[in-house]
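[1] model this:
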Amino acid sequence: MARRRKHRSLSRILLSLAALIVLGAGVWHFTGENTLPSTWRQWFAHAPPHGDVVDVSAARVDPANEGRHIRIHGQLHALEPVRDSELGVQANALVLLRTVQMRQWQEECDAKGCRHALGWSERPIDSSRFRVREGHLNPARFPFASRRFAADQLRLGAFRVDADAAADATTPVPFAITAGQLPPNLAASLRIEDGVLTSADPAHPAVGDLRVSYAIIAAGPRTLTGAQRGDRLVMQP
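    Coordinates of the predicted model:
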């Protein structure tokens, strides 16, 4: 009899403990972690999340992981250089970013009058809206605009990766243009100044002059997480 009572007591303790854990989980879900005791908060913080991320090798695609959330580490690279399709500039990178600026008049007006100065702007400045338009006319449009060019095919080991999603969290770095990278058609109309393409005379830049600079998101080691779909790593952009 004593053994049965002891067994019943142990069962009640275990049931009570289970009920407390379930109750704590409900409180956590509906009221947030700050309402739980600190020891409980620590336990739930380290509990494995629903749908664990699986670390896998980048060397091969394992069909057993199809549809699973996986994490891969390796060298992310493009199979071919990324290219500015309009100007012909290319780079061995994941993404090529082109920034175009034009020398334009800028107007500032107040109660005392209007002042005008030439400056570089990435957007067209509509001089038809100036209070004083005479002698301060800007070109109506840019010959080409700032753009982003992504490589067509990225690989991380055996996996294909979407360029835009893979590059989103990476900071671009300047990409200096050299004479050897400049296509012949651009060499006739643009010069290189400190790695930047420009149509301006450095000593006397004029209205309508252009300045074109580049930046890249470089290839290199990455740790990426996403869903495995065939040989693709599908990431949220």
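[2] tell me where the model's unsure across the protein.
    Within the chain, the stretches with pLDDT under 70 are 1-51, 168-169, 236-237.
[3] helices of that one, start to end?
    Along the chain, the stretches classed as helices by DSSP state H are 2-31, 38-45, 163-167, 184-187.
[4] what's the burial count for the closest residue to residue 78 other than its chain neighbours?
    Excluding the flanking residues, the one nearest residue 78 by CB to CB, 6 or more residues apart in numbering is residue 151, at 3.6 Å. Every C-beta, even on glycine, is put in place using the N, C-alpha and C of the backbone. Neighbour count for residue 151, taken as other CB atoms under 10 Å: 25.
[5] does residue 66 touch residue 231 like I think?
    No - using CB atoms under 8 Å, residue 66 is not in contact with residue 231; the gap is 10.3 Å.
[6] what sits against residue 124?
    Residue 124 makes contacts with 102, 104, 138, 139, 140, 141, 142, as judged by CB atoms under 8 Å, 6 or more residues apart in numbering.
[7] one more time with 7 Å
    Counting by CB atoms under 7 Å, 6 or more residues apart in numbering, residue 124 touches 141, 142.
[8] what about the residue nearest to residue 78, distance to residue 225?
    20 Å (CB to CB, to the nearest Å).
[9] break this structure into its domains for me.
    As given by automatic domain parsing, the domain ranges for the chain are 1-47, 73-234.
[10] okay, how far is it across the last one, tip to tip?
    With CA to CA, to the nearest Å as the measure, the first residue of domain 73-234 is 15 Å from its last.
[11] so what's the gap between it and the chain middle?
    Relative to the centre of its chain, domain 73-234 is centred 15 Å away, using CA atoms, centre = their mean, to the nearest Å.
[12] what does stretch 64-76 give?
    Taking the mean of its C-alpha atoms, stretch 64-76 sits 20 Å from the chain's own mean (CA atoms, centre = their mean).
[13] and for it, what's in contact with it?
    The contact list for stretch 64-76 (CB under 7 Å, 6+ apart) reads 51, 53-56, 58, 94, 154, 156-157, 159, 161, 166, 219-225, 227-228, 233.
[14] if we use 6 Å, what do you get?
    Stretch 64-76 has contacts (CB atoms under 6 Å, 6 or more residues apart in numbering) with 51, 53-56, 58, 156-157, 219, 221-225, 227-228.
[15] counting neighbours, which of the residues you listed end up buried?
    Using 16 or more other CB atoms under 10 Å as the burial test, the contacts of stretch 64-76 include 56, 58, 156, 157, 219, 222, 224, 228 as buried.
[16] residues contacting the fourth one?
    With contacts defined as CB under 6 Å, 6+ apart, the neighbours of residue 157 are 58, 59, 74.
[17] could you dump the longest strand seen in the chain to CSV, C-alpha only?
    Ranked by number of residues, the top strand in the chain under DSSP state E is strand 95-110. What follows is strand 95-110, C-alpha atoms only, in CSV (Å, rounded to 0.1, in the frame of the first residue of the first chain):
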residue,chain,number,x,y,z
VAL,A,95,26.1,42.9,-58.2
LEU,A,96,27.3,46.0,-60.0
LEU,A,97,25.8,49.4,-59.0
ARG,A,98,25.9,52.4,-61.3
THR,A,99,25.5,55.9,-60.0
VAL,A,100,25.0,58.7,-62.6
GLN,A,101,25.2,62.4,-61.7
MET,A,102,24.8,65.4,-63.9
ARG,A,103,26.1,69.0,-63.4
GLN,A,104,23.0,71.1,-63.0
TRP,A,105,21.9,74.5,-61.8
GLN,A,106,20.3,74.6,-58.3
GLU,A,107,18.2,77.4,-57.1
GLU,A,108,17.6,78.6,-53.5
CYS,A,109,15.1,81.5,-52.9
ASP,A,110,14.0,83.4,-49.9
